[in-house]
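K.L.:
here's my sequence, what's the structure:
(chains A and B)
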Amino acid sequence: MTDPTDSDPATEPLEEATPRKVPDPPRPANAVTAKRAPPILPTTGWTAWLTMLLAGVMCLLAVLTLSASMAANRLAAEWRSDLAGVATVRISGTRDGMTDRIRSVLEVLRTTPGISRVRVLTDEEQTALISPWLGEGDILADLPVPRLIDIVLDGAGPDAGALQDRLDLTVQGALYDDHAAWRGPLASAAGALERLALGATFVILLTAAGVVAFAARATLSANRRVIETLRLVGAEDRFIARSFVRRLAQRAAIGGLIGALFGCAILKLLPGIDEGLILPKVEAGQRLGVSLEPGLVGWAILAIGIPLIIALIVWLAARFTVQLTLSRMP
Amino acid sequence: MRSAGSAIVPSNEQKQTGKAVIQLDKVSFGYDGRETLTELTADIEPGSFHFLTGPSGAGKTTLMKLLYLELVPSRGRFTLFENDPSRLPPPKIAQLRRRIGIVFQDFRLLEHLDVLQNIALPLRASGQDVTGHAEDIMDLVRWVGLEHRAHALPPQLSAGEKQRAAIARAVINAPDLILADEPTGNIDPEMGARILRLLIELNRLGKTVVLATHDLGLIRSTKGSVEARILRLADGHLAQGASIL
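P.N.:
Down below sits the predicted model:
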């Protein structure tokens, strides 16, 4: 047997490991569990705040774009239903003999299937329709303004071609208009607006997933030494991943909730949210615009649904990124 | 010194079977075309105390990393608790690591956790109920003499206190093997002797201990206190056989 140290061993004897009196610990034995165990990962750091901030901003934007999409959807639906149920007959010509022509048209309309109600607009109503463009005064007397008959349709309404043929035979200058010429493009435009807003919402959610993936990688990178230590004390990667993902998702949910509530507040504070915002009111009781007020279900979707969706996206994106990154770590 | 409590009483499974805890059979390791460890062969028996020594740069830390499964040998056969780690999936590697208590030169305590929470870390990492081990944790805190620092964060501790906390963390899971890589490298000689005494006590409780150090004085100071063997590394080669101190 050789002494590899090439010198005499130290003479100081090793202290025998005998029990000694130890002072009582400053806290009871269960002190280690008395308070809630802190997270395995450090709770501070710029990536934590970045995740919360980005989730908040994404939720805010998603609330605005989704509310716009919901409004466009309502607008399209209102236009479809409002304009689909009514039609107009326009009678052109001078005032001479107008009363007889109106009477004849009404006779034709009352005998046409698919029409439930007809009403001739009064002089005051017609004047109110024209006055925004031509000013006040006795416009109907001064100009050869066509007279209008409002028709409320029954079901799908009459056969437009057949009705027009009958009108042509009965009264010269009477034109049946079921609004099909501009109802379609308007509804189509509203639908396009809805899809555009939905697309923007989707892009925002996709961006959120990408940003979270970056944040997750940055968080992992910043905590690389912690991860190494956790592995060396026996932690499995799924345990480490769970700790990371839970923390990221929690922060995203909190940030998202704040952002969504902020977005809802912005919507609520918009001037005239209960009024038509896209088109002005054209007449008392008639509205061509639509309200951004989303209703009870809409508010719930915006304030709770979006943060939950963002949190879910964050959870999925973070889980995928963390697992991938951990599997590539030596 | 108070004896560590039931937390560190070993299973002694290896000791009972008598099979080597660690077996190295012509194990080599290298990277970037450079071999830093060459054909190392050694058996570490259960319950033994080994010093791994050699000059700086000899490859002690690399060998320790191989032993605690942070690195994988490029050649040769390495078994740990009769398992070939290169054939194990990551979850099994994690389970194998739970049978090892590792003490690092730089302590590797998580700085946002206090002493108690750091000691409990292996329990949490392995999904165990920390509440059920509260007494064990406090026993260990007393054993390493940190009862007055139980709620201090690592930045508030001295190097010696950090290392004692790290030793308590290393044994909370009742491991069969203790790997200590230069555990006295960053602390003063007096505290180094105290750390060494803790490791020797663990060995007396049946733990297999491998302690890497370049401090020959530290090795000499244990003569007569523990039946230690010495593995010498030089230029990536292990001296044939283990000499007895």
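K.L.:
show the average pLDDT along stretch B:45-63.
P.N.:
For stretch B:45-63, mean pLDDT is 91.
K.L.:
ok now that stretch, how far from the chain's centre?
P.N.:
Chain-centre distance of stretch B:45-63: 10 Å, with CA atoms, centre = their mean, to the nearest Å.
K.L.:
touching chain A at all, that stretch?
P.N.:
Yes. Stretch B:45-63 is in contact with chain A by CB under 8 Å from any CB of the partner chain, via B:Thr53. Where you see a C-beta, it was placed from the backbone N, CA and C, and this is true even at glycine.
K.L.:
what about that stretch, how long is it end to end?
P.N.:
By CA to CA, to the nearest Å, the extent of stretch B:45-63 from end to end equals 17 Å.
K.L.:
give the buried residues for it.
P.N.:
B:45-54, B:58-63 (16 or more other CB atoms under 10 Å in any protein chain shown).
K.L.:
and what of stretch A:194-207?
P.N.:
If you call a residue buried by 16+ other CB under 10 Å, then stretch A:194-207 has these buried ones: A:194, A:197-198, A:200-201, A:204-205.
K.L.:
can you check stretch A:309-327 too?
P.N.:
A:309-311, A:313-315, A:317-323, A:325-326.
K.L.:
contacts for it, please.
P.N.:
With CB atoms under 8 Å, 6 or more residues apart in numbering or on different chains as the test, stretch A:309-327 has contacts from A:51, A:55, A:58-59, A:62, A:205, A:208-210, A:212-213, A:215-217, A:220, A:227, A:237-238, A:240-241, A:244-245, A:248-249, A:252-253, A:256.
K.L.:
nearest to chain B among the buried residues of stretch A:194-207?
P.N.:
Using CB to the nearest CB, A:Leu205 comes nearest to chain B of these, at 32.1 Å.
K.L.:
next secondary structure after the lengthiest helix in chain B?
P.N.:
Taking DSSP state H as the criterion, chain B has its longest helix at helix B:189-204. Following helix B:189-204 in sequence order, the next helix or strand is strand B:208-212 (DSSP states H and E).
K.L.:
mind listing what's buried in whichever helix or strand comes after that next one?
P.N.:
Later in the chain than strand B:208-212, the nearest helix or strand by DSSP H and E is helix B:216-220. Under the neighbour-count criterion of 16+ other CB under 10 Å, helix B:216-220 has B:216, B:218-220 buried.
K.L.:
so which of these are also by chain A?
P.N.:
Restricting these to those adjacent to chain A (criterion: CB under 8 Å from any CB) gives B:216, B:219-220.
K.L.:
and stretch A:176-183, how far out from the chain middle?
P.N.:
Relative to where its chain is centred, stretch A:176-183 has its mean C-alpha point 31 Å off (CA atoms, centre = their mean).
K.L.:
hey, C-alpha coordinates of it in PDB?
P.N.:
The C-alpha trace of stretch A:176-183 is given here as PDB (Å, rounded to 0.1, in the frame of the first residue of the first chain):
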ATOM      1  CA  TYR A 176     -91.300  47.600 -58.500                       C
ATOM      2  CA  ASP A 177     -88.000  47.600 -56.400                       C
ATOM      3  CA  ASP A 178     -87.300  44.600 -54.100                       C
ATOM      4  CA  HIS A 179     -83.900  46.100 -53.200                       C
ATOM      5  CA  ALA A 180     -82.100  43.100 -54.600                       C
ATOM      6  CA  ALA A 181     -79.800  45.300 -56.600                       C
ATOM      7  CA  TRP A 182     -78.100  46.800 -53.600                       C
ATOM      8  CA  ARG A 183     -79.100  44.300 -50.800                       C
END
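K.L.:
quick one: average pLDDT of that stretch?
P.N.:
Rounded mean pLDDT across stretch A:176-183 is 79.
K.L.:
who's in contact with it?
P.N.:
Stretch A:176-183 is contacted by residues A:79-80, A:83-84, A:86-90, A:153, A:157, A:160, A:163-164, A:167 when judged by CB under 8 Å, 6+ apart.
K.L.:
now do residue 143, the pLDDT please.
P.N.:
Looking at chain A here, since you left the chain open. Listed pLDDT for A:Leu143 reads 78.
K.L.:
um, chain B though
P.N.:
Taking B:Trp143 on its own, its pLDDT is 86.
K.L.:
is the residue positioned nearest the centre of chain B in a helix, a strand, or coil?
P.N.:
Centroid-nearest residue in chain B, with CA atoms, centre = their mean: B:Leu179, separated by 1.7 Å. B:Leu179 falls in the strand class when you classify it by DSSP: H, G, I helix; E, B strand; the rest coil.
K.L.:
return the member of the buried residues of helix B:216-220 nearest to B:Asp129.
P.N.:
For B:Asp129, the nearest member of those is B:Leu218. The distance, counting by CB to CB, is 37.6 Å.
K.L.:
OK, contacts around the closest one?
P.N.:
B:184, B:192-193, B:196.
K.L.:
let's see if you can find the most crowded of those residues.
P.N.:
B:Thr184 (25 neighbours; other CB atoms under 10 Å in any protein chain shown).
K.L.:
give the closest residue to that residue in space, chain neighbours not counted.
P.N.:
Nearest residue to B:Thr184, sequence neighbours excluded (CB to CB, 6 or more residues apart in numbering or on different chains): B:Gly192, at 3.3 Å.
K.L.:
what's the spacing between the residue lying farthest from the centre of chain B and B:Gly57?
P.N.:
Most distant residue from the mean C-alpha position of chain B: B:Gly33, 29.0 Å away (CA atoms, centre = their mean). Going from B:Gly33 to B:Gly57 by CB to CB, to the nearest Å gives 18 Å.
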